[in-house]
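Q: pasting the sequence and the predicted model now:
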Amino acid sequence: MAKLPPYEELLSEILITEEQLKKRIPELGAEISRDYVDDDLLLICILRGGVMFLTDLMRTITIPHAVDFMAVSSYGAGARETSGQVRITLDLTMNIRGRNVLLVEDIVDSGNTIASVLSLLDSRQPRSLRVCSLLDKAEARQSVVPIHYVGFEIPNKFVFGYGLDLDEYYRNLPFIGVVDLKKYTPPA
Ligand code: IMP
Ligand code: MG
């Protein structure tokens, strides 16, 4: 596989700095801690993009809570778009029936992925089901999805870093940057 260039060669601008992330995420954690105080809480992270956000967010949640993971892949999607349907490639280990579930996501773009995951989880009869997404690309929405907790609303541009990938790379960047797709050649 061809080596990908240093991120600087693909970055057109830093959209959300490390400092902005460090300020906003504890605000979300505090809000979640208030909303679920004295209640059960199960965070579900969809692999892989949401992992960095999950681990930072959960450190700021002050009430006892559990975490579980799932992975999905979408059917028949183009390179940087998702279709309406998702398939579970890694299922939860926990039973969510009767539990307060909070889905932790990196980004809601078309909303197709989260809409499909929500209907799937809803069929397992959780007590409550909400979404916390770090980023909301509202302009790109195709499926109507309720997002209860949003970190940042962003424009309809392709971003990378802080868990979000460009063809599986650059998830490690500590900020969220806009990719200059004109400068990017996908690896062969
Ligand atoms: P949706 O189904 O269109 O809402 O997109 C869901 C998934 O697409 C997200 O969980 C991300 O993995 C990916 N995605 C959407 N927009 C971006 C982006 O700007 N950068 C990186 N990944 C993205
Ligand atoms: Mg992705």
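A: Sure thing, it's come through. Treat the numbers as computed from the prediction; the structure is a model and nothing was measured. Numbers count the residues shown, from 1 in each chain. Ligands and ions are numbered 1, 2, ... in the order given.
Q: angles on the backbone of R24, please.
A: Torsion angles at R24 (phi, psi; degrees, to the nearest 10) stand at phi -80, psi -40.
Q: show me where the protein has strands.
A: 11-16, 42-47, 66-74, 86-90, 100-108, 128-136, 149-153, 159-160, 176-179 (DSSP state E).
Q: so which of the ones you listed gets nearest A30?
A: With respect to A30, and counting by C-beta to C-beta, the nearest of the strands of the chain is strand 149-153 at 10.8 Å. C-betas here are computed from N, CA, C, even on glycine.
Q: can you spell out which helices and strands pack onto the worst-scoring helix or strand of the chain on mean pLDDT?
A: Every helix and strand of the chain was ranked by mean pLDDT, DSSP states H and E. The lowest is strand 86-90, at a mean of 91. Here strand 86-90 touches strand 66-74, helix 112-122, going by 3 or more C-beta pairs under 8 Å, 6 or more residues apart in numbering; DSSP states H and E.
Q: how about residues contacting that strand?
A: 47, 69-75, 112-113, 116-117, 120 (C-beta atoms under 8 Å, 6 or more residues apart in numbering).
Q: between those, which has the most around it?
A: Ranked by the number of neighbours (other C-beta atoms under 10 Å), these place T113 first, at 24 neighbours.
Q: from I88, how far off is that one?
A: T113 is 12 Å from I88, where distance means C-beta to C-beta, to the nearest Å.
Q: joint contacts of these two?
A: V72.
Q: what number of residues lie near I16?
A: I16 is flanked by 20 other residues according to other C-beta under 10 Å.
Q: okay, who's weakest in the contacts of strand 86-90 by pLDDT?
A: Lowest pLDDT of the contacts of strand 86-90: Y75, 66.
Q: listing request: residues of this protein with sub-threshold pLDDT.
A: Scanning the chain with the threshold set as pLDDT under 70 gives 1-2, 75-84.
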